[in-house]
Structures are given as structure tokens and as C-alpha cells.
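Student: sequence plus predicted model, see below.
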There are 2 protein chains.
Amino acid sequence: MYSVLEKFIKSKVEIDAQSLERICSCFVLLKTKRNQILLDYSQVCNFYYFINKGSIRLFTISKDGNESSRFFAFQGSFATALPSFIDQLPAEEYLQTIEKSELLCISRADFYRLVKEIPQFAQLYTEILELGFIIAQKRIYGFQGFDALDKVKWVIKHQPQLLLKVSNKMAASYLGISPSTLSRIKSKL
Amino acid sequence: MYSVLEKFIKSKVEIDAQSLERICSCFVLLKTKRNQILLDYSQVCNFYYFINKGSIRLFTISKDGNESSRFFAFQGSFATALPSFIDQLPAEEYLQTIEKSELLCISRADFYRLVKEIPQFAQLYTEILELGFIIAQKRIYGFQGFDALDKVKWVIKHQPQLLLKVSNKMAASYLGISPSTLSRIKSKL
DNA sequence: AAAAAACGTTGCTCTATGTCAACGTTTTCT
DNA sequence: AGAAAACGTTGACATAGAGCAACGTTTTTT
């Protein structure tokens, strides 16, 4: 059950078996259906999720009813609605699994306890933040000032899983283009 | 010289005078002119900057010669080309002051030494990362799926300093719209 | 102080892409 | 399994905003 998580942690930090066990014991398994909402718009986020299997999406819905996808996370990575998790304010976004998934959930309290008590976990958190920050920056970059075709190419290059695993509609809302435009672009490569 | 920095640190963490002094002693003052390049495209970034006075911009130049502004930082905040700073790869972006500025610079070696040796500094770094991550996310959000007018409104609301401190051209390249469009929008509010 | 360069604004034109609609296919629900 | 809903694709049309150019103003350079 914890093998993917253990592998992930070991790939990032040097850690003894005992601490590793201590960390893993804080994670609870959650099996979800497709399109299951993990966090609603006005809820406060109290969990960090590690994806054992499946995929997660962060998104919002604008006034006129359009979804806007902000982030996708796949097997073997951490995800949460970070602003809400950190500041304990309403998320103003949704978190959902987009396929049948198995998630390892850790509560905010346990999470910060581990950060405080296990230096390697603190380091892990720092690395997750660094990575997240870098990815967010790269995305801003990759999309800024580019037209639809360039954005699609960028995603194919930098997040090849995305177009394969995610529906056209969701991918389009991530790219900030309409589903029809994405469909047309894909048909021309 | 260190008063702004000290105030910033104290606002984030509880810290004794000695550690504070130790931290500040690692920062070197750098006075710059307007539009001075701090980091070139293919350089590796080796400094973190705290802005005592002035403003910094992170940007790139695309093949066709257009600048794309990614981030602005003003007095009292930290800034660097983080991906390069972390991974020690060529930055593939520029860092410049956009007005006469006074920066407090800390080398990467000193920075990570402080992170390692002073827990409060590690916490400070975590908070900087969290904040940076949240801002990056909010920006992705704030811009995604919105038209030019909405993006301008978003910036006015969330980064009111920006349109005041930064030239039209730079602001436009940050918003991903043309200078003419920004000019027209501003004239209608 | 004069000359040169960069910038902001505004009008005109054109193009990429959004919107809407129709249709067949896939998925979900009962 | 059959009905209903959601999705992907494609065509026709409409439009926000880019690109270009002209002009006056501000900034930089010499």
C-alpha cells in the first residue's frame, strides 16, 4: 500500500526505516470513483494527497459556467489546494479525481507535525514546494505570449501525459483555448 | 542598511538578535542603475536578492525579439531566478532592475548554509516558497480564460503597484497583451 | 543643449480563435 | 440493455485583439 509513496520519499531524501514508517503511518488510503469531488469551492482544505493510482484535477467554474483547469497531477505525485491548505481559507476551487483512483491522504495537523518533527519530511516539503513553484513558473512562461498551436506543442513537450490522460474538454480548459480549437489543432498534429 | 530586511524577517518569524545579525551579515549591498541586468540568459543564478529599494523584473525574449515579463518584485520582497538558483542550470531568463535600486544580495552558498544552520531561516525560506507558489497559482488563475479587460482589472485588484510602477510596455508583456491594447483599455478606465 | 531613441496613444486592417450548431460516438444512468 | 446525457469533430460566422503606421511626448545619449 505504501510502496509508491516510500519509493517517492526515498528518491528525494536519505531516511531511516523508522522515520519512513512513522511518515507512512500518517497516510490513510482513500479509494475514489471517477469524477469524485475531494474538495468543494467553499470548503477549507485539510488534506494533502499523494496519488497512489489515478489522477487529480484542480479547477474552478467561472460565473458563466465555464470550467477552468488549473493543474493535473498523476500517479506518484503530491497534490492539494495549497493556498487553502496553508492559510485555511475557503479554497475557491475544486479538487477532484478524474478517474478511479487510490489516494493516500494526510491531515494538515499530521502533515505539519511531521514537518516539525522529522527533518527529512521538512526537506521533502521544501522540495515539493520548489518543484511546484518551478512548474507553475514554467507554465506561466510556456503559455505567455504564445498562440494556441504553440501552447499545445508546449504541453506535448513538457507534460506529455496530459493530452493522453485527460479529456479534450479538460485539456482545452487547461490551455485556455476552446475545445473546438484544440480538436482542430490536434487533427493537424 | 539592514532595517528593511530585519523588519521583513521579524514579521515572518520569531528570532533572537544574534541569529538576526548572523543572517544580515551574509547580505551584501548592491546599488544598481535603471535597467541594469543582474542575470543574463545563459548565466547560472547564484544570488538571492532582497529589495531594499527599487524594483526587479524577470523576463525573457522570444525568438522574434518580443519581451515577455514574468514577474515583478518591489521594495521589501525577495526575488531571484529560482529554477536556476535551485538547480544550477542556465537561467534561460533575464533578471534586471527596472529603476535605480538598492539590493541586498546573498550568495547561494551562504543562503543554503543559513537554511541548514538557522531553523528560523529555513522557515523563512519555506514561507517565501509558499507565498511564491500561491502567487504564481493565483496568477495562472487570474489570467486563465479571461480577456484583456478582465486581466487588467485583475492586476489592478491584486497587484495595484504594478500598473503604477511599471511601464506600459512591460505591463502589457506581463499581461500577455499588446501595448496598444493596454493603452486603449486604460483610457476606458 | 541638441539629437536620437524609446515610449504612449490612436486609427485602420486582418487574422486567429471563440461561439454556435449539427451530427455521430462514447459514456453514464436507470 | 436501452435511454439519456456528455463528448469530439467539423463547418459557418463573428469578433477581440494583434500588427502596422503615424504622430507627439518623454527619456537617453552625446
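Tutor: Nice, thanks for sending it over. Residues are numbered from 1 along each chain as shown, chains lettered A, B, ... in the order given.
Student: burial check on A:I156, number of neighbours?
Tutor: Burial measure for A:I156: 14 neighbouring residues, criterion other Cβ atoms under 10 Å in any protein chain shown. For glycine as for every other residue, the C-beta is placed from the backbone atoms N, C-alpha and C.
Student: that one contacts A:L164, correct?
Tutor: No: under the contact definition of Cβ atoms under 8 Å, A:I156 does not touch A:L164, with a separation of 9.7 Å.
Student: which residues of chain A fall in strands?
Tutor: A:28-32, A:36-39, A:47-53, A:55-61, A:67-74, A:78-79, A:94-97, A:101-107 (DSSP state E).
Student: stretch A:61-68 and chain B, are they touching?
Tutor: Yes: using Cβ under 8 Å from any Cβ of the partner chain as the criterion, contacts between stretch A:61-68 and chain B involve A:62, A:66, A:68.
Student: got a list of what the nearest residue to A:K116 once chain neighbours are set aside touches?
Tutor: Distances taken as Cβ to Cβ, 6 or more residues apart in numbering or on different chains put A:A122 closest to A:K116, at 7.6 Å, once the chain neighbours are dropped. Neighbouring residues of A:A122 by Cβ atoms under 8 Å, 6 or more residues apart in numbering or on different chains: A:115-116, B:122, B:126.
Student: out of those, which is nearest to B:K138?
Tutor: Closest approach to B:K138 among the contacts of A:A122 (Cβ to Cβ): B:T126, at 18.5 Å.
Student: so for A:L149, which of the strands of chain A sits nearest?
Tutor: Checking the strands of chain A against A:L149 by Cβ to Cβ gives strand A:67-74 as the closest, at 19.1 Å.
Student: what ranges does chain A have for its helices?
Tutor: Secondary structure of chain A, counting by DSSP state H: helices at A:3-12, A:17-24, A:82-87, A:108-117, A:119-143, A:148-158, A:160-165, A:168-175, A:179-187.
Student: and among those helices, the most buried is which?
Tutor: Neighbour counts (mean count of other Cβ atoms under 10 Å in any protein chain shown) averaged over each of the helices of chain A peak at helix A:168-175, with a mean of 21.
Student: what lies in contact with that helix?
Tutor: Counting contacts by Cβ under 8 Å, 6+ apart, the residues outside helix A:168-175 that touch it are A:57, A:59, A:66-70, A:72, A:98, A:143, A:148, A:151-152, A:155, A:162-163, A:166, A:178-179, A:181-183, A:186, B:145.
Student: and A:Q159, how far from chain B?
Tutor: For A:Q159, the distance to chain B (Cβ to the nearest Cβ, to the nearest Å) stands at 14 Å.
Student: backbone dihedrals for that residue, please?
Tutor: A:Q159 has phi and psi values of phi -140, psi 60 when expressed as degrees, to the nearest 10.
Student: which parts of chain A sit against chain B?
Tutor: Applying Cβ under 8 Å from any Cβ, one finds that chain A approaches chain B through A:60, A:62, A:66, A:68, A:70-71, A:82-83, A:86, A:93, A:122, A:125-126, A:129-130, A:132-134, A:136-141, A:144-145, A:173, A:176.
Student: of the residues you listed, which are in range of DNA strand C?
Tutor: With Cβ under 7 Å from any atom of the strand as the criterion, the residues of chain A next to chain B include A:G176 near DNA strand C.
Student: just the pLDDT for A:I118.
Tutor: At A:I118 the predicted local confidence, pLDDT, stands at 96.
Student: hang on, I meant A:H158
Tutor: Per-residue confidence at A:H158 stands at 93 (pLDDT).
Student: now A:I135
Tutor: 89.
Student: now do A:L129
Tutor: Taken from the predicted model, the pLDDT recorded for A:L129 is 94.
Student: equivalent analysis for the one 10 residues further on, please.
Tutor: Listed pLDDT for A:R139 reads 88.
Student: quick one: residues contacting it.
Tutor: When contacts are counted by Cβ under 8 Å, 6+ apart, A:R139 touches B:I140.
Student: neighbours around A:E93, how many?
Tutor: Neighbour count for A:E93, taken as other Cβ under 10 Å: 22.
Student: isn't it right up against A:S42?
Tutor: No: when contacts are counted by Cβ under 8 Å, A:E93 is not listed as touching A:S42 (10.2 Å).
Student: who touches both of the two?
Tutor: Residues touching both A:E93 and A:S42 (Cβ under 8 Å, 6+ apart): none.
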